[in-house]
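Student: sharing a model prediction with you, sequence too.
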Amino acid sequence: MNTSSWFAQISFKQRIWLFATVAGILAIIGVGILLNSSSTPKESIDFNINMSIQDIAPKFGVTGKGLARELELPLDVSKKKPVRILGVTYEELDHAIEHILSHRDATLKYYVYAALVLLGLVFLVRLGRPDKSDIKNRRTWYPKTHMLLLSCFL
């Protein structure tokens, strides 16, 4: 069964459900994008090679081990010694800090997941079977293409 015949078979109420669901999905994803955007500029944080990993790491929201990993230092290195003594140049420290700051919060994927779950739920409960359809056509109630696409994402 192709998709156009499925859309032609659904009732006016089901089409309203479909468009309302799509609007809800777009709203959920829009909220996720707005909450995930880094529109607020980060304030300038002063750091230098005379500071220790213990001093630098909390300012950038990482652990000492995370900063040591970015600086390509052993994980058991002393976090209290200045990074200059550990052999780190200012360029290496600056590059590691830039890399840490380039990481974005990944909460948007949860909003997309919620939107896909909403689509799957509405499709299975309200949209899959056209209203007033004959029991003889039950094999065509749930289009396989839609279900496969939803299954791939969920």
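Tutor: Yep, it's here. What you are looking at is a predicted structure, and each value in this text was computed from that prediction instead of being measured.

Student: for the chain, what's the longest helix?
Tutor: In the chain, taking DSSP state H as the definition, the longest helix is helix 12-36.

Student: that one: which residues count as buried?
Tutor: Residues 14, 17, 18, 21, 25, 28, 29, 32 are the ones in helix 12-36 that count as buried (16 or more other Cβ atoms under 10 Å). Every residue, glycine included, has its C-beta placed from N, CA and C.

Student: what sits up against the next helix or strand after it?
Tutor: Sequence order places helix 53-56 as the next helix or strand after helix 12-36, per DSSP states H and E. If you take Cβ atoms under 8 Å, 6 or more residues apart in numbering as the criterion, helix 53-56 is touched by 47, 64, 67-68, 71, 77, 79-81, 83, 86, 93, 97.

Student: now the two most distant members of the residues you listed.
Tutor: 80 and 97 (19.1 Å; Cβ to Cβ).

Student: more crowded one of these two?
Tutor: Taking neighbours as other Cβ atoms under 10 Å, residue 80 and residue 97 compare with residue 97 leading, 19 against 10.

Student: state the distance from the more buried one to residue 123.
Tutor: Distance, residue 97 to residue 123, using Cβ to Cβ, to the nearest Å: 46 Å.
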